[in-house]
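Participant: give me a model of this one.
(chains A and B)
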Amino acid sequence: MTAPRDKFGRPVVVVTGMGIMTSLGTGKADNWSKLVAGESGIRTITRFPIDGLKTTMAGTVDFVSVDPFSSTALSERMAEIVTEEALEQAGIGANGDFPGPLFLAVAPVEVEWPQRLELGHAVGKPDINYDDLLRISGGGKFGAYHHRFMFGSVAAYLAETFGTKGSPISLSTACASGATSIQLGVEAIRRGETDAALCVATDGTVNPEALVRFSLLSALSTQNDPPQAASRPFSKNRDGFVMAEGAGALVLESYEAATARGAKILGVLAGCGELTDSFHRTRSSPDGKPIIGCMNKTLADAGMEPGQIDHINAHGTATPENDKMEFNTTSAVFGELAQKIPVTSNKSMVGHTISAAGAVEAIFSLLTLEHQRIPPTINYDNPDPTILFNVVGNKARDARVTAVMSNSFGFGGQNASLILTREPA
Amino acid sequence: MTENSATKPGQTEVWITGIGLATSLGEGLDANWAALQERRINVDEKGFAPCVVHPLMPVSFDGQIPKKGDQRQMEAWQRIGTYAAGLALDSAGIKGNKDILAKIDMVVAAGGGERDLNVDSGVLTAEAKGANAPGFLNERLMSDLRPTLFLAQLSNLLAGNIAIVHGLGGTSRTFMGEEVAGADAARIALARIASGESDIALVGGSHNGERKDLLVLYEFGDFNLKDKFAPVWARKDHAGFALGSAGAFLVLESKAHAEARGAKPYAKLTSVVADLAKRKQPGDMAATLEKLWAKLPRREGKGAIISGATGAEPATSEERSFLKGHADFPVRATGTMFGHTMETQFPLGIALAALSISRGALFPPNDSTGTEIDMQGAPTQIVVVGAGHWRGEGMALVEAVR
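Facilitator: Got it, this is the predicted structure:
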């Protein structure tokens, strides 16, 4: 690794710190050992009653407690824990003084049911409407809920805690959010605005209404028993994704800055790409062109050819449509290589961490590069005969991996891909 | 440094070539400009009493969202934004231009989450009347929520709807985080165009202020203006913001890209900066605004300030103290005329700055306290200030194209 700039003359962007949390556990070591062992973090929901729900399991993070509980508070706490892990590994800046901006992928924030019910109780009469709620909301009694349910509250907290510089950006590109947070960091470093960026993605939104919303869109698996077998990417009997919680944090730096301070380089963000699909709010354009274009843009951004990618960390949600579309579009880009390159979906084990998924899976991709071992896609007992991926089914596989493409596709036509390598291309 | 996206030597100029406005004063540039000249304010003190709001001047959504099916898939905030985005594309002369729309980069500042008030009220009422079985909430939500409501609530589905309705096929990023999200959207779009990563971008936001669920959220912090309207600067003893409904979108474009297609600029966007003051001590926020002011390129022309001050305290007093240090710059507070449109206020400020520069005059003051003074002659440089009611500070410099 010698060139501080890539073949387009831009600063090479490297990763010097990573932190992760999923339903499998906290930290890189715990997550990686369980991931390559093929363990599932999906379990029957205990956080709230499941009566009346079609889907009763999720990849919840139950081992982190926040009080009072809200999905936003959980998201914030998870983000804080993974950021601490990433900063400790990177050894950058000083305590509470990170030398760059924060890009945070976070689920849209809203007042949640426990708080809404609390307001209802405060009204003190049986027929309740929003005028009643408005009447009792002021006066400071619920003052903390204003801060808690501001969209910018999680980023503001992280920025103050870790001393990131400038205005922290909270972003949502649905299921591609984690990848977008990384892309914003890469771009800021390439433009020369900063030598370092903190990219964090977090999602703790397994709550009744969020589950019901996805359920009403028929997006979730209903194979509740056993929960560990619910997420079945690329299988014939896949029937939807499994909601999950998690967070990932990456410290990005210019290669030059990282080497100047003697930091250990964990991998390279060789390319990023995104492309909007204007076909439909929840469905991909049937011709797959936006996804094909997204992958091609990412390859072009990295200055790489399809033949140089030796592993694909798939979006692989296990919805009937996504997995088929992902194979078709990957085939359009990679040709016959789409059936040779080992492909895996981390979501078979950790579920779909939604806003966090892009970052969580980028970190798993970097760990794959580090260990030269590809985590399995579990529950792969009944392959879909129309999806001819070389799926790393059920058991982890040792492999020579030099460049990974990680894909994220989301509602609202959001597509984003990343290419991660061990060394600059 | 990290929060600065000023155009640097060797970087391309970034022009504002399209503006789309749908506000409480009307739709389009002429209607908004005329209302500003007449010091007209559209405010509703009764419909959301005791809260004061600036309701959207009704528009025919068919004009920009021809399919009723698309309109039905959106809640009001998305319809307003999709409408205003269409106006901006029209204004830039690129509506329906497939080559450009296929590559345009979108950065949207969005809130989200319009509630179904009937569903919420129904659940709360049933609970108050004793419904408390373990699956009570699940069952109500499963049966009462419209399946498509989720998509009308998701923050990134404003951008999604704009892409679908207007056929945008470039990139799409949604920033959240109240007022400063609007500044950050402009900051990132400007940085990307200035550095050559992008040629053309659609930037903006939309807000529906006529929402009781939002009023409840801001009431938690006692931020709502109550009972009687007053100009933003005259609210010191009766603090608060009056939520406003508005969509404001801009087409930003590299000078070369605009010239190649013969597009005329309203103005150029020279710099956007943003920061996060700690706001722990009095003076923190004013100091951050002063720091941002110093980061803007040196101003040499005839200047003015368009402020997004909300009327909420202590932020508005902090901003007033910052403005006192620059009393030679005539100030206009958009919150007085348009209400507080949250994520949209900053793009609205840039839009009004560009409009004022292109029309050769700053719009007249609308203030009873003397904070806003008349301006003679044509402004050539306007600083847009956007300080959040709780967190986040942004600033932009909009200049005449020489």
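
Participant: can you get me a residue count around residue 95?
Facilitator: Since no chain was named, I'll use chain A. Residue neighbour count, defined by other Cβ atoms under 10 Å in any protein chain shown, stands at 8 for A:N95. Yep, even glycine has a C-beta here, placed from its N, CA and C like the rest.

Participant: that answer is for a different chain, and I need it for chain B
Facilitator: 17.

Participant: likewise B:D213?
Facilitator: When neighbours are defined as other Cβ under 10 Å, B:D213 has 18 of them.

Participant: next one: B:R299 from A:R10, what distance?
Facilitator: Distance, B:R299 to A:R10, using Cβ to Cβ, to the nearest Å: 32 Å.

Participant: for the residue nearest to A:F162 when sequence neighbours are not counted, phi and psi?
Facilitator: Computed as Cβ to Cβ, 6 or more residues apart in numbering or on different chains, the closest residue to A:F162 that is not its neighbour in sequence is A:F98, at 4.9 Å. The phi and psi values for A:F98, taken as degrees, to the nearest 10, are phi -80, psi 130.

Participant: so what's A:F98 up against?
Facilitator: For A:F98, the contacting residues are A:87, A:92, A:162-165, A:196, A:198, taking Cβ atoms under 8 Å, 6 or more residues apart in numbering or on different chains as the criterion.

Participant: which of the residues you listed lies closest to chain B?
Facilitator: The shortest gap between chain B and any of those belongs to A:K165, at 4.4 Å (Cβ to the nearest Cβ).

Participant: mind telling me what element the spatially most central residue of chain A is part of?
Facilitator: Among the residues of chain A, A:A357 comes closest to the average C-alpha position under Cα atoms, centre = their mean, at 1.6 Å. Assigned by DSSP states H and E, A:A357 belongs to helix A:357-371.

Participant: neighbours around B:P282, how many?
Facilitator: Considering only other Cβ under 10 Å, B:P282 is surrounded by 11 other residues.

Participant: likewise the one 5 residues further on?
Facilitator: By the criterion of other Cβ under 10 Å, B:A287 has 15 neighbours.

Participant: same question for A:P68.
Facilitator: A:P68 is surrounded by 11 other residues when neighbours are defined as other Cβ under 10 Å.

Participant: then A:D97?
Facilitator: A:D97 sits with 11 neighbouring residues when counted by other Cβ under 10 Å.

Participant: identify the residues contacting the nearest residue to it once chain neighbours are set aside.
Facilitator: In space, and not counting its chain neighbours, A:D97 is closest to A:G163: 4.2 Å by Cβ to Cβ, 6+ apart. Taking Cβ under 8 Å, 6+ apart as the definition of contact, the neighbours of A:G163 are A:93-94, A:96-98.

Participant: how about the nearest residue to the residue located most distally from the centre of chain B, chain neighbours excluded?
Facilitator: Among residues of chain B, the one most distant from the C-alpha centroid is B:A133; the distance is 43.4 Å, by Cα atoms, centre = their mean. In space, B:A133 comes closest to A:D51 once its chain neighbours are excluded; the distance is 7.2 Å by Cβ to Cβ, 6+ apart.

Participant: near chain B, anything from stretch A:72-89?
Facilitator: No: residues of stretch A:72-89 contacting chain B under Cβ under 8 Å from any Cβ of the partner chain: none, with a closest distance of 11.8 Å.

Participant: circling back to that earlier point, can you redo the contacts of A:F98 as JSON lines with secondary structure and distance to B:A378?
Facilitator: Listed next are the contacts of A:F98 as JSON lines, based on DSSP: H, G, I helix; E, B strand; the rest coil; distance: Cβ to Cβ, whole Å:
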{"residue": "A:L87", "secondary structure": "helix", "distance to B:A378": "51"}
{"residue": "A:I92", "secondary structure": "coil", "distance to B:A378": "49"}
{"residue": "A:F162", "secondary structure": "helix", "distance to B:A378": "45"}
{"residue": "A:G163", "secondary structure": "coil", "distance to B:A378": "43"}
{"residue": "A:T164", "secondary structure": "coil", "distance to B:A378": "40"}
{"residue": "A:K165", "secondary structure": "coil", "distance to B:A378": "37"}
{"residue": "A:A196", "secondary structure": "strand", "distance to B:A378": "43"}
{"residue": "A:L198", "secondary structure": "strand", "distance to B:A378": "44"}
